[in-house]
Every structure is written in structure tokens, then in C-alpha cells.
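> One predicted model, sequence on top.
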Amino acid sequence: MSTVLITGADTDQGLAHARAFAAADWRILAAGTRPLDDAARASLGAALAVEWPYDPLKDGAAEDLAHHLGAEALDAVVFASETREGIDLPAEELTRDLLVEAMLVNTYAPLHLAACLQPSLAAGEAPAIVALVGNAGVTGSSVMPHGFPLKTSKAALRQMWRNLAVEWRDWGCRCVVSVSGAQTGCHDPVDRVLAAIADPQTPHYCEV
Amino acid sequence: MASILISGANRGIGLEMARQFGNAGWQVIGTVRRPDQADALRETGARIEELDASEPASLDALAERLEGEPIDVVFANAGIARNLEAGPADVAADEMKEVFATNLWGPIGLACALKRNVLASERKTVIAMSSLMSSVSANDWGTQYSYRASKAALNALWSALAREWTGEGITCTLLRPGFVATEMTGNRGLPVAESVAGLCRVVESLRLSDSGRIIGYDGRDVPW
Ligand SMILES: NC(=O)c1ccc[n+]([C@@H]2O[C@H](COP(=O)([O-])OP(=O)(O)OC[C@H]3O[C@@H](n4cnc5c(N)ncnc54)[C@H](OP(=O)(O)O)[C@@H]3O)[C@@H](O)[C@H]2O)c1
């Protein structure tokens, strides 16, 4: 049975991924700022192996998660933890701290956690890391008004995944970027992620 | 006479832009962190203003000093590169914060602080200095994590800004200087005068229809 770690499992996006992976017979390791509620837990059934706290803004959060994991192998990690703070603000109302925090949560935290999890991923079967970028992170194509912190941090996340794809291809890690956000009405972004992971032909860098 | 404000004008590309725009008859305001250490800029004849581009209070103070003065082009050039060789496990949060504050918030903070000056001018242009390292589609060699993240984010930011401000008549464009011999690159690359000559040509020719583009010193678009 394959194992996936999902950050932000307590969010709509994270839970949607957890449910789809559970339905595809994956074992789920859930990480989030809050514990899953009873309904969420029930919907995952026996697939849910464990829940760990993970707050991307907390110092040492990634290291703690890697420590919990120990020597366990990971076949996939889905980085669903994110902030949407400030997406309604026009440029004139952005502050430095808001923008930098969005970059830390949405860009740096997934990069840093991926780096901390590298040994577990390297022990996995055709491992994959999945960044949820959505249409907002595809520069020049998003028609969403404002959305500055989200567009910037997700575009940068996409660039970080591209970097990792180059640097980690020698040990077989596949870097998957989900660019079709659930909220944009594109159908089945989660299924596309699962299909990309299942396909042995999926290249080291792949946008779905 | 057209006017341009250039941040980070005490050395490197910013200094050479101050020189070449000045020679071409533009009125140049160069911003620096340490006006007492800006002799080379002073020699170009540029007016010198103090600015730490990553500090909100410093931007507010600059906007106050420049209140009521039309500025045709605001050029957010100041930028930093840190730890370019670091692997993903070695990029620290503090490094990311510093690079994002300077390379990402710096330009948008400057454009917003001086938006009224720009709107009062003829050319109404705000430019941010991007890099080939910003391009996701051209990234086939990795490295430079914090720098690449900041410049890819800057592209997204300026592209989004163009969506909002072009309707107000402001041209929001990203420029790419090429790989240029400055302190940032350990003095490897194109002679700075050559890159800047190209950048000046591009700036001179910008129109509102160029809003949302990323253009190289050679006049060619950079793929996102
Ligand atoms: N050189 C290249 O090949 C290359 C390629 C692509 C893009 N770029 C971009 O072009 C721009 C200029 O680069 P460069 O090569 O001229 O670099 P540089 O020689 O290192 O000069 C950087 C300039 O930015 C200023 N600066 C840095 N942080 C600042 C802050 N917080 N507040 C105010 N000023 C600050 C520096 O001032 P201090 O002297 O006070 O530090 C200096 O004037 C940057 O945005 C860079 O990313 C350069």
C-alpha cells in the first residue's frame, strides 16, 4: 500500500485530496494546524493512519514533522497547507508583512518541508511531491481580480518545484504542480493529480 | 523634460542607468541607502534621495519629500541576491524574508508610494527589474532558490498590477538586464554600459500597450 503525507489536511483542498487518495487505497498521514473533525475522520475511514500537528508559520514545524515520520518511506506528499490572506486587497493596500508572510507560508514552507522530507521520499516508490498552485500561480493567465499575495506566492512555488525537479531528478523524484484550482470550476483537479502520480510515464516536472 | 526615479542607483546597473538617462537629457532622481557614500552617482548630476527599499517608513518619507512632483518613470531597480549556490535544505527562512522584502515588496511599495507622482506625469510608467531567473519555463538548471522565488513572484505581481493599473493609464512593465558584470555577479557578464544602453532604448519606446510584458535589454520578451 502506498503512503501519502498531506499537509493542510484540515482544509477543504487538503481533505479533498485525502479523500481521493483514500478512495484509491492509499494510506494517509494527515498534518494540519487543527485536528480533523469527526466527519472528516469518518470519511477517511481506515485509510487515515495518523494525524500530526503542522503549522507552517511555526519555527521548526517541518523538522518536527520529519521527526514524527522517522524512517518511514513516503510515496507522495501533497502540500495543501496555504494562506489566502489579503487576496481581496488592491495593490495600494498591501503591506510588506502581509506579502512576506504569504511567501513564507505558500512558497518557503512547502520548499523547506520537502527538503526535510527528502530522506523519506527517497525511500519511497516512484515518489512524487505535489504543489497546489492553481490558476492563480500561472503568471499572465489568471483573471482573478487583486489576489496579489496568492498570485505571487504560488508563482514562486511553481518556480521552486521546477528547481526541485531539476535537482532531484537523479533520485527519481517527480515534481507535480496542480494548476487547475478546484475553485475555478475546472473538473477533477484531484483526480488529475492521482492520475499523474500513478502514471510511470509522468516526467520529473509535470503540470496537471 | 522627462523624469525618471531609479532605486539602488549608487552602483551597478542603477548607477549606469542614472548616467545614461542623464546623458540623454532626462531629469534623474537616484535613490541610495547612504547618500554620504554616493559620490559616483553625484558625479552623474543626478539628484540624490535616501531610500531603503525594503522599509515602509523609508518609502513613506520619500513619498512625502517628492509630493506634488510628476515623475514619468519609476524604476524599481534595487535588488539583492543571497546564497545562490545553496541547495533546498540550506535556504533559511531569514534569507527568504530579506530577499522577499527587498526584491518583491520593495518594487510594489515604491510603485504605490509614488503612484500619484506617476499619474501626474506624461509617460506614467512603473518598471520593476526582473531577471531570466524569474522564468519558470526557461528554468532547466535550478539553484538560486530565494532569488528565483523572489523574481518569479515579482513577475506575477507586476503582471497582476498591469491588470489593475493599465486602466488608469499606467504602463507596468518588467525589464530583464541580461547577465551583467556588477558586484552581484562577481563582475562576470556583459559590460554594464551595453546592458543599460539596451534598457534605455526599451524604456524610451515603452507605450501603454507594453503594460504586462517582460522585456529584455535586447528588446525580446522573456517567456514566463
Ligand atoms: N547583474 C545581473 O546580471 C542581473 C541580472 C538580472 C537581474 N538583475 C537585477 O538588476 C538589479 C540591479 O542589480 P545589479 O547587478 O546592479 O546589483 P548590485 O551591483 O548588487 O547593486 C544592487 C543595488 O541595489 C541596492 N539595494 C539593495 N538592497 C537595497 C535596499 N534594501 N534598499 C535600497 N537599495 C538597495 C544596492 O544598494 P547598496 O549599495 O546600499 O547595497 C545597489 O545600489 C537587481 O534588481 C538585480 O536583481 C541583475
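Nice, thanks for sending it over. Numbering: from 1, shown residues only, chains lettered A, B, ... in the order given.

> How much space separates the most centrally placed residue in chain B from B:Lys115?
Centroid-nearest residue in chain B: B:Asn77, 2.3 Å away (criterion: CA atoms, centre = their mean). According to CB to CB, to the nearest Å, B:Asn77 and B:Lys115 sit 18 Å apart. (C-beta placed from N, C-alpha, C; glycine too.)

> Does A:Ala114 touch A:Ala165 like I think?
No. Using CB atoms under 8 Å, A:Ala114 makes no contact with A:Ala165, being 11.2 Å away.

> For A:Ala73, which non-adjacent residue is closest in space?
Leaving aside its sequence neighbours, A:Ala73 sits nearest to A:Ala123 (CB to CB, 6 or more residues apart in numbering or on different chains; 3.7 Å).

> Actually, B:Trp141.
Excluding its sequence neighbours, the residue lying closest to B:Trp141 (CB to CB, 6+ apart) is A:Val166, at 6.1 Å.

> Can you list the helices and strands that the longest helix anywhere in chain A packs against?
When chain A is scanned for its longest helix (criterion: DSSP state H), the result is helix A:148-168. Contacts defined by 3 or more CB pairs under 8 Å, 6 or more residues apart in numbering or on different chains; DSSP states H and E place helix A:148-168 against helix A:96-103, helix A:109-116, strand A:128-132, strand A:174-178, strand A:205-207, helix B:145-165.

> Of all the ones you listed, which one is nearest A:Leu74?
Of all these, it is strand A:128-132 that lies closest to A:Leu74, at 9.1 Å by CB to CB.

> centroid residue for chain A?
Within chain A, and using CA atoms, centre = their mean, the residue nearest to the centre is A:Phe79, at 1.4 Å.

> For the ligand, give me its nearest residue in chain A.
Here chain A gets closest to the ligand at one residue, A:Arg96, 11.3 Å apart by CB to the nearest ligand atom.

> The residue lying closest to that residue once chain neighbours are set aside: what's it in contact with?
Spatially, and ignoring its direct neighbours in sequence, A:Arg96 is nearest to B:Trp105 (4.3 Å; CB to CB, 6+ apart). Counting by CB atoms under 8 Å, 6 or more residues apart in numbering or on different chains, B:Trp105 touches A:94, A:96, A:99-100, B:54.

> same deal with B:Thr173?
By CB under 8 Å, 6+ apart, the contact list for B:Thr173 reads B:125-127, B:158, B:162, B:206, B:210-215.

> That one belongs to a helix?
No. B:Thr173: not assigned to a helix; according to DSSP: H, G, I helix; E, B strand; the rest coil it is strand.

> Name the residues linked to it by a beta bridge.
Beta-bridge pairing of B:Thr173 under DSSP bridges involves B:Ile127.

> pLDDT value on it, please?
On the pLDDT scale, B:Thr173 is placed at 98.

> Would you mind measuring from the residue located most distally from the centre of chain A to A:Gly124?
Most distant from the centre of chain A: A:Glu92, at 29.7 Å, with distances by CA atoms, centre = their mean. Using CB to CB, A:Glu92 is found at 46 Å from A:Gly124.

> just the helices in chain A please.
Remark: helices assigned in chain A by DSSP H are A:12-23, A:38-44, A:61-69, A:96-103, A:109-116, A:118-122, A:148-168, A:189-198.

> mind checking how far the second one is from the chain centre?
So that's helix A:38-44. Distance of helix A:38-44 from the chain centroid (CA atoms, centre = their mean, to the nearest Å) equals 20 Å.

> What are the buried residues along it?
By neighbour count on 16 or more other CB atoms under 10 Å in any protein chain shown, the buried set for helix A:38-44 is A:40, A:43-44.

> do the same with stretch A:64-75
Using 16+ other CB under 10 Å as the test for burial, stretch A:64-75 gives A:64-66, A:69, A:74-75.

> So which of these sits lowest on pLDDT?
Comparing pLDDT over those, the lowest score belongs to A:Leu69 (94).

> for the closest residue to that residue other than its chain neighbours, what are its contacts?
Sequence neighbours aside, A:Ser120 is the residue nearest to A:Leu69 in space, at 5.5 Å (criterion: CB to CB, 6+ apart). Contact partners of A:Ser120, counting by CB under 8 Å, 6+ apart, are A:66, A:69, A:71-74.

> I'd guessed A:Gln13 sits against A:Ala80; true?
Yes. At 4.6 Å, A:Gln13 counts as touching A:Ala80 under the criterion of CB under 8 Å.

> Would you mind listing the residues touching both of those two?
Counting by CB under 8 Å, 6+ apart, the shared contacts of A:Gln13 and A:Ala80 are A:Leu132.

> Could you list the low-pLDDT ranges of chain A?
In the predicted model of chain A, residues A:181-187 satisfy pLDDT under 70.

> the helices in chain B, which residues?
Using DSSP H, helices in chain B cover B:12-23, B:39-43, B:56-65, B:93-100, B:106-113, B:115-119, B:145-165, B:192-205.

> how about those helices in CSV, adding mean pLDDT and distance to A:Cys173?
Shown next, in CSV, are those (pLDDT from 0 to 100; distance: least, CB to CB, whole Å):
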stretch, mean pLDDT, distance to A:Cys173
helix B:12-23, 98, 36
helix B:39-43, 98, 47
helix B:56-65, 98, 39
helix B:93-100, 97, 22
helix B:106-113, 98, 33
helix B:115-119, 98, 44
helix B:145-165, 98, 16
helix B:192-205, 98, 36
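
> of these, which approaches chain A most closely?
Evaluated over the helices of chain B, closeness to chain A peaks at helix B:145-165, with 3.6 Å, by CB to the nearest CB.

> That closest one near chain A at all?
Yes. Interface with chain A: helix B:145-165 contributes B:145, B:148-150, B:152-157, B:159-161, B:163-165 (CB under 8 Å from any CB of the partner chain).

> One more: stretch B:2-15?
No. Stretch B:2-15 stays clear of chain A (CB under 8 Å from any CB), getting no nearer than 15.1 Å.

> What is the end-to-end distance of that stretch?
The first residue of stretch B:2-15 is 18 Å away from its last residue (CA to CA, to the nearest Å).

> And for chain B, the residue most distant from the center?
Most distant residue from the mean C-alpha position of chain B: B:Ala89, 29.2 Å away (CA atoms, centre = their mean).

> A:Cys116 is in contact with that residue, correct?
Yes. The pair B:Ala89 / A:Cys116 is scored as a contact, 7.3 Å apart, by CB under 8 Å.
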